[in-house]
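1. okay, sequence plus prediction incoming.
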Amino acid sequence: MKKDAIIDADAHVLETETTWSYIDKSNLKYRPILYSSTQKPDRQYWVLEDKIVGVRFPTLTEQEIKKFSEVTARKMVTDTVVKEMNDIALRLKHLDELKIDIQVLHNTIWLEGITENVTAEIVLSESWNRWMADIWKQGNNRLFWSCVVPTLNIPEALQQMQEFKKYGAVAVFLRSFERNFALTDDYFYPIYDLATKLDMAVITHASNGNLANSELLKSHPGGFVRNAFSIFRVPVMISCYDLLMSEVLQQFPHLRWGFIEATSQWVPWVIHEVKTRLMEDNIQLSPTVFRDHHMYVSCQEDDDLQWILNYTTDHGVVTGTDYGHLDPASNLDAISIIQNRPDLSPQQKHNILHENPKKLYGLK
């Protein structure tokens, strides 16, 4: 990696039929099927075991995406073949145009729960990880990724972590809510222990693996898009709060944590809440708690960073483009906007765009 490489800490792939082509013939019954309707040509849905599962963004025309970009004042236009990783060379060319050296890729479908079938989860996660391993091989050491693991079967999750660490997986993806477990539950301790040994980060990306909670929030007025804040972003904040209030950070002192795609605006509130509650037990929260416990939060390009950095220090913030998605977190110009912000020093920009994501993901 070059000295000042620009690192996009939050980019995405959109799953396609190719994603599941790694499934063995004996397990084809677990292969998701992509359905669409002539009545809603912009909507496609993954169906598994006769149920709609996971997250699939609308398939908009280039003109529709341009209009959406204009309304939101965010640059989002990318070729479908690039978002779906059907042309790796074209993806790398686009990164050159955006002046991004490295992207760390996260999934889309697993932002929500997919299945409660143990075998199905093992089969699907392995196929997804093998797909990403092949993408990494073609990526010229520029496309790293966070692996998904079958949390219904921890021994299998550990096995996949060990295997795919060798093929560009720099982190383990865990949803903020994993079914009925919080990330502080000792159920996940084997994953945390192995992640530490393998020098992998644990990433809690905007997500929600508790189907009952997700469905409840979707039913609120405004529908899925307007309630995405409650469904996906708020759980990230809760996970950070829970970890700061728990013993997990002390039990795994060298483990790195990433809180991705929920903005960074919530950090001062969480820090204040933790301080207040720890004071009741005469415990003082370190002013450098994010640095002390290797915790990183991704900001959006329009966050009040001078305020945030007072709480995270310069060593706790990364950023990303949310490349491939169409939502309020997406902006292909996010990197360049950070680079041109007059309120940030050159060192702060270097930390956010290079040093911090390099440390978070253990990039060499």
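-> Nice, I can see it.
2. where does the prediction get shaky in the protein?
-> 57-79, 81, 83, 223-225, 326-329 (pLDDT under 70).
3. so how many other residues sit close to the closest residue to residue 17 other than its chain neighbours?
-> Nearest non-adjacent residue to residue 17, counting by Cβ to Cβ, 6 or more residues apart in numbering: residue 34, 6.4 Å away. For the C-beta atoms, the positions are set from N, CA and C on the backbone; glycine is no exception. Neighbour count of residue 34, defined by other Cβ atoms under 10 Å: 13.
4. give me the phi and psi for residue 34.
-> Dihedral pair for residue 34: phi -90, psi 120, per degrees, to the nearest 10.
5. please identify the residue most distant from the middle of the chain.
-> Relative to the centre of the chain, and counting by Cα atoms, centre = their mean, the farthest-placed residue is residue 282 at 35.0 Å.
6. pretty sure that residue sits in a strand.
-> No: secondary structure of residue 282 (DSSP: H, G, I helix; E, B strand; the rest coil): coil, not part of a strand.
7. who's the residue nearest to residue 17 bridged to?
-> With DSSP bridges as the criterion, residue 34 is bridged to residue 46.
8. re earlier: relative to residue 244, how far out is the residue farthest from the centre of the chain?
-> Distance of residue 282 to residue 244, given as Cβ to Cβ, to the nearest Å: 17 Å.
9. what's in contact with stretch 171-180?
-> The contact list for stretch 171-180 (Cβ atoms under 8 Å, 6 or more residues apart in numbering) reads 104, 106-107, 110-113, 116, 145-149, 151, 161, 183, 188, 191, 195, 200-211, 213, 232, 235-236, 238-239, 258, 361.
10. only the buried subset of the residues you listed, as a ChimeraX command please.
-> The buried subset of the contacts of stretch 171-180, as determined by 16 or more other Cβ atoms under 10 Å, is captured in ChimeraX by this line:
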select :104,106,107,110,111,112,113,145,146,147,148,149,151,161,183,188,191,195,200,201,202,203,204,205,206,207,208,209,210,232,235,236,238,239,258,361
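11. the contacts of stretch 171-180 in helices, which ones?
-> Of the contacts of stretch 171-180, the ones assigned to helices by DSSP state H are 161, 191, 195, 211, 213, 235-236, 238-239, 361.
12. and those residues, which is closest to residue 131?
-> Using Cβ to Cβ, residue 161 is the member of the ones in helices among the contacts of stretch 171-180 that lies nearest residue 131, at 16.4 Å.
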